[in-house]
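K.L.:
predicted model and sequence follow; I will ask about them next.
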Amino acid sequence: MVISIKDVSISRNAKYILKDIDWTVKDGEHWAILGLNGSGKTTLLNMINGYIFPSKGDVSVLGKSFGGYDLRELRKSIGWVSTALAEKLYGNETATEIVVSGRYASIGLFEDPMDEDVENSMEIMDLLDCGHLSDRLYNTLSQGEKQRVLIARGLMAKPELLILDEPCSGLDMFSREKLLSTIDKLGRSENAPTLIYVTHQTEEILPIFSHTLLMRRGEVHSKGYTKDLLTQENLTDFFETQVNCSISKDRYLVDFDI
Ligand SMILES: Nc1ncnc2c1ncn2[C@@H]1O[C@H](COP(=O)(O)OP(=O)(O)OP(=O)(O)O)[C@@H](O)[C@H]1O
Ligand SMILES: [Mg+2]
């Protein structure tokens with residue numbers, strides 16, 4: 001079991017931001033999480049990383065249940081790519097330094113990187129098609145290039161679980177497709193980590209995401225096989241708006257009238 005969440009609720013200011021969540025992720029599954037702004041996606045991920053605690057319920061990640069376990073150790077087995085993290089990184093480090101820092105789950109490098117780490121970072125950057133950026137300063141990279149470097153950083157500690165929180169936000173349509181094809185390659189690679197991919201857009205849900213969790217107002221609307229959930233009927237119910245859903249090149253396209 002990679003993630004097990006049982007009957008979890010989190011409240012703030014007498015209001016639920018997550019309510020009665022039950023969700024399990026098994027080895028070999030890759031999940032997409034779809035939900036509108038404010039539906040609780042990032043809160044759920046923050047909880048999986050151990051940054052916030054449930055007001056009620058049980059959480060266990062990679063076989064470790066929360067409470068009584070050193071979460072800093074657990075975090076080393078989880079790669080996490082999010083814009084919140086990106087804002088904390090040092091822009092005047094090179095892409096290589098940023099990637100290597102992922103090995104130690106640290107912000108910034110305090111010593112010169114070891115040769116072995118640099119070699120390893122090059123392999124990962126090549127896998128993510130960003131090896132050519134290794135000597136560039138992070139703050140000189142484009143948004144799409146930064147995202148690749150951040151995913152490479154997330155992979156540096158060889159995580160068992162890789163969480164991608166809206167990795168395509170701010171990318172142009174070509175950069176988005178390039179990044180998605182890289183994620184597809186990664187998800188299919190040997191010994192791939194379990195991927196959790198958070199998005200607002202159905203068309204970003206690649207075929208490798210066998211399962212999907214639909215979040216609405218802090219609750220699970222529905223969960224299960226992606227192909228069973230991303231139907232016109234279920235999405236119309238989920239969005240509370242009549243939508244048309246079609247599949248093109250194995251991707252789900254949704255359109256609607258306002
Ligand atoms: N510490 C907090 N105190 C009060 N409300 C909070 C707190 N953290 C999150 N919330 C609220 O909980 C809701 C869910 O927030 P969250 O960031 O999880 O949404 P999200 O699904 O990631 O949205 P987005 O797609 O915009 O990133 C929001 O309404 C947010 O304002
Ligand atoms: Mg969010």
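P.N.:
Looks like it came in fine. Numbering: from 1, shown residues only. Ligands and ions are numbered 1, 2, ... in the order given.
K.L.:
going forward, measure contacts between C-alpha atoms and count neighbours the same way
P.N.:
Noted.
K.L.:
and Lys146, how far from ligand 1?
P.N.:
19 Å (CA to the nearest ligand atom, to the nearest Å).
K.L.:
that residue against Arg136, yeah?
P.N.:
No - using CA atoms under 8 Å, Lys146 is not in contact with Arg136, being 10.6 Å away.
K.L.:
out of the two, which sits in the busier spot?
P.N.:
Lys146 (19 against 15; other CA atoms under 10 Å).
K.L.:
wait, what's in contact with that one?
P.N.:
Tyr138 (CA atoms under 8 Å, 6 or more residues apart in numbering).
K.L.:
and it, which of the three is it?
P.N.:
helix (DSSP: H, G, I helix; E, B strand; the rest coil).
K.L.:
repeat for Glu111
P.N.:
coil.
K.L.:
okay, now it: neighbour count?
P.N.:
Count around Glu111 with other CA under 10 Å applied: 6.
K.L.:
strands of the stretch 1-150 of the chain, start to end?
P.N.:
With DSSP state E, counting those that start in this stretch as the definition, the stretch 1-150 of the chain shows strands at residue ranges 3-12, 15-25, 31-35, 56-61, 64-65, 78-81.
K.L.:
can you check which of those gets nearest to Lys227?
P.N.:
strand 31-35 (11.8 Å; CA to CA).
K.L.:
now that closest one, how far from the centre of its chain.
P.N.:
9 Å (CA atoms, centre = their mean, to the nearest Å).
K.L.:
quick one: name whatever helix or strand follows the biggest helix by length in the chain.
P.N.:
As assigned by DSSP state H, the longest helix anywhere in the chain is helix 173-188. Downstream of helix 173-188, the first helix or strand assigned by DSSP states H and E is strand 194-199.
K.L.:
which neighbours in the sheet does that following strand have, and how are they oriented?
P.N.:
Strand pairing for strand 194-199, using DSSP bridges, gives strand 31-35 (parallel), strand 161-165 (parallel).
K.L.:
ok, which of these comes nearest ligand 1?
P.N.:
Of all the strands paired with strand 194-199, strand 31-35 sits nearest to ligand 1, with 6.1 Å by CA to the nearest ligand atom.
K.L.:
so that closest one versus strand 15-25, what angle?
P.N.:
Calculated by axes from the mean of the first three to the mean of the last three CA atoms, to 10 degrees, strand 31-35 forms an angle of 160 degrees with strand 15-25.
K.L.:
how far off centre is stretch 54-64?
P.N.:
Per CA atoms, centre = their mean, the centroid offset for stretch 54-64 relative to its chain is 18 Å.
K.L.:
list the buried ones in it?
P.N.:
Judged by neighbour count using 16 or more other CA atoms under 10 Å, the buried positions of stretch 54-64 are 54, 58-62, 64.
K.L.:
how about stretch 139-152?
P.N.:
141, 143-152.
K.L.:
out of the residues you listed, who's nearest ligand 1?
P.N.:
Nearest member of the buried residues of stretch 139-152 to ligand 1, counting by CA to the nearest ligand atom, is Gln147, at 16.6 Å.
K.L.:
avg pLDDT for stretch 169-189?
P.N.:
Here stretch 169-189 scores 90 as its mean pLDDT.
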